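Enquirer: Can you look at this prediction? I've put the sequence above it.
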Amino acid sequence: MVIITLQRDKCIGCNYCVEQAPEHWRMSKKDGKTVLLHSQEKKGFHVLRSADHHIFEANQRAANACPVKIIAVKKTDK
């Protein structure tokens, strides 16, 4: 299981996550902040859980590229 977490309120709209993993990230035309596609929002955190381990690497690059460090990516055995 791959779990991606985004603190969207802190996004500065740099677009680096979209450049690294365009299949999972988009920039909102409404407010200029990033959107984690297919995620669920709870208390300001947007979370995507996926059984596809192939998405880990690209999203880890997105997290590493984020200048404000609001993206977390982790892999679990579940």
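Expert: Ah, there it is.

Enquirer: Identify the residues contacting C14.
Expert: C66, P67 (CB atoms under 8 Å, 6 or more residues apart in numbering). The C-beta positions use only the backbone N, C-alpha and C, and glycine is treated the same way.

Enquirer: start the count at 656, not 1, going forward
Expert: Renumbered: residue one is now 656, and that last one reads C669.

Enquirer: what's the burial count for the closest residue to Q662 other than its chain neighbours?
Expert: Take Q662 and drop its neighbours on the chain: the residue closest to it by CB to CB, 6 or more residues apart in numbering is I725, 4.2 Å away. Counted with other CB atoms under 10 Å, residues neighbouring I725 total 20.

Enquirer: buried residues in the helix ranked longest in the chain?
Expert: The helix that spans the most residues within the chain, counting by DSSP state H, is helix 711-720. Residues F711, A713, N714, Q715, R716, A717, A718, A720 are the ones in helix 711-720 that count as buried (16 or more other CB atoms under 10 Å).

Enquirer: In three-state terms, label the closest residue to the fourth one other than its chain neighbours for me.
Expert: So the one you mean is Q715. Closest residue to Q715 apart from its sequence neighbours, by CB to CB, 6+ apart: V728 at 4.9 Å. The assignment at V728 comes out as strand when based on DSSP: H, G, I helix; E, B strand; the rest coil.

Enquirer: Was I right to think V728 contacts M656?
Expert: No - between V728 and M656 no contact is recorded; they are 11.6 Å apart, counting by CB atoms under 8 Å.

Enquirer: the more surrounded of these two?
Expert: V728 (21 against 12).

Enquirer: Can you name the residues bridging to that one?
Expert: Beta bridges link V728 to I659 when assigned by DSSP bridges.

Enquirer: what's near enough to touch it?
Expert: Contacts of V728 by CB under 8 Å, 6+ apart are V657, I658, I659, T660, F711, N714, Q715, A717, A718.
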